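> sequence and computational prediction follow.
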Amino acid sequence: MSTTTAASCIAVVIPCYREKHQIMTVLSKFDAMIDHIIVIDDACPDKTGDYVLENTKDPRIQVVIHEKNQGVGGATISGYQKAFELGADVIVKVDGDGQMDPAMIHTLVRPILRGEADYAKGNRFYRLNGLAKMPGVRLFGNLVLSFASKMSSGYWKIFDPTNGFTAIHRKVAQELALDKISNDYFFESDMLFQLNIARAVVADVPIQAIYGEETSSLKISHILFPFVGKHLANFFRRIAYNYFLRDFSVASVELIVGLILITFGAIFGGLEWYISLASGVTATAGTVIIAALPLLVGSQLLISFLNFDVNNQPDRPLHPNL
């Protein structure tokens with residue numbers, strides 16, 4: 001064990017639902033760096049938790065069994081709470097389907113252990129040679145959801161938001177409103193939103209995804225549109241909180257004035273166009289300018305606001321000061 005990690009207690013949370021056939025293989029891959037392994041049986045029909053208890057002698061492994069299914073988010077939060085009890089400093093989430101390599105935990109937690117980040121997440125898109133194995137529908141869906149996540153979370157410089165291979169510092173996890181985070185597959189994206197509200201630093205860590213014979217229960221075609229709706233809701237909440245409740249800056253003024261000018265230009269221009277079309281009388285140059293100028297100025301103000309928002313991503317780690 002390296003001196004960097006010796007002073008830090010690391011716990012791994014593994015939410016499980018129908019993972020009986022892969023779980024023991026996954027558990028066998030954790031090295032001595034990991035202090036606690038928390039398996040969450042999220043009311044598995046195949047009794048994954050009982051199966052683990054019957055087939056493991058690793059003293060690091062603890063099993064939490066839910067009587068009712070709480071979703072991957074709910075299972076992960078339950079694992080976080082167990083990790084709090086165990087005194088973990090860093091909490092890593094690994095799915096039980098075998099698509100994440102536990103050997104990469106060393107790389108994933110490094111930004112947190114060095115004090116450079118509060119939360120680290122995997123990015124399967126960094127290494128292009130691994131994308132050829134990703135199904136086309138999932139690839140397209142991730143592209144759409146990644147852009148939507150950038151808008152909703154404010155972390156414009158990260159990618160692959162649905163990646164469940166994550167690590168978080170305990171102090172930061174305890175600062176979040178865990179009871180308000182989505183319990184379903186929107187969990188990872190909602191975490192990013194909550195982290196931005198807390199002004200936590202997030203690190204994107206390149207990883208290699210493993211695609212074997214296992215099947216994922218996350219269907220992009222089923223969650224794409226619901227996720228987009230949730231991202232929009234988080235986007236408006238983030239803007240309201242960061243630019244009007246927590247602070248009011250030049251960017252706030254640019255957003256307000258820009259929206260007013262664009263709305264006025266669009267409505268006035270649309271009405272004048274309709275009147276001109278109905279009467280057959282060409283609109284005057286002055287009328288065109290009155291419609292176009294607010295649109296141009298408003299667009300520039302919104303672009304300026306967007307530039308400010310992109311550069312407003314948290315850059316000072318939160319946990320050293322907690």
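Received, thanks.
> residue contacts, the spatially most central residue of the chain?
With distances taken as CA atoms, centre = their mean, the residue of the chain nearest its centroid is Ser189 (3.0 Å). Applying CB atoms under 8 Å, 6 or more residues apart in numbering to Ser189 gives the contacts Leu145, Ser149, Ser152, Ser153, Pro161, Thr162, Ser182, Phe227, Lys230, His231, Asn234. Quick note: C-beta positions are derived from backbone N, CA and C, even for glycine.
> please repeat the previous calculation with a cut-off of 7 Å.
For Ser189, the contact set (CB atoms under 7 Å, 6 or more residues apart in numbering) comprises Ser149, Ser152, Pro161, Thr162, Phe227, His231.
> pLDDT, secondary structure and distance to Leu271 added to those residues, as JSON lines?
What follows is the contacts of Ser189, written out as JSON lines (pLDDT from 0 to 100; DSSP: H, G, I helix; E, B strand; the rest coil; distance: CB to CB, whole Å):
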{"residue": "Ser149", "pLDDT": "92", "secondary structure": "helix", "distance to Leu271": "37"}
{"residue": "Ser152", "pLDDT": "95", "secondary structure": "helix", "distance to Leu271": "33"}
{"residue": "Pro161", "pLDDT": "84", "secondary structure": "coil", "distance to Leu271": "41"}
{"residue": "Thr162", "pLDDT": "81", "secondary structure": "coil", "distance to Leu271": "43"}
{"residue": "Phe227", "pLDDT": "85", "secondary structure": "helix", "distance to Leu271": "36"}
{"residue": "His231", "pLDDT": "94", "secondary structure": "helix", "distance to Leu271": "33"}
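> so which of those is the closest to Val90?
Using CB to CB, Pro161 comes nearest to Val90 of the contacts of Ser189, at 20.6 Å.
> how many other residues sit next to the closest one?
26 (other CB atoms under 10 Å).
> surely it and Ala148 touch.
No. Between Pro161 and Ala148 there is no contact under CB atoms under 7 Å: 8.2 Å.
> so what pLDDT did Ile210 get?
For Ile210, the pLDDT comes out at 68.
> show me where pLDDT drops low in the stretch 1-150 of the chain?
Counting by pLDDT under 70, the stretch 1-150 of the chain contains low-confidence ranges at 1-7, 127-135, 137-138.
> can you give me the helices for it?
Here the stretch 1-150 of the chain has its helices, by DSSP state H, counting those that start in this stretch, at 3-6, 20-27, 48-55, 71-86, 105-113, 136-153.
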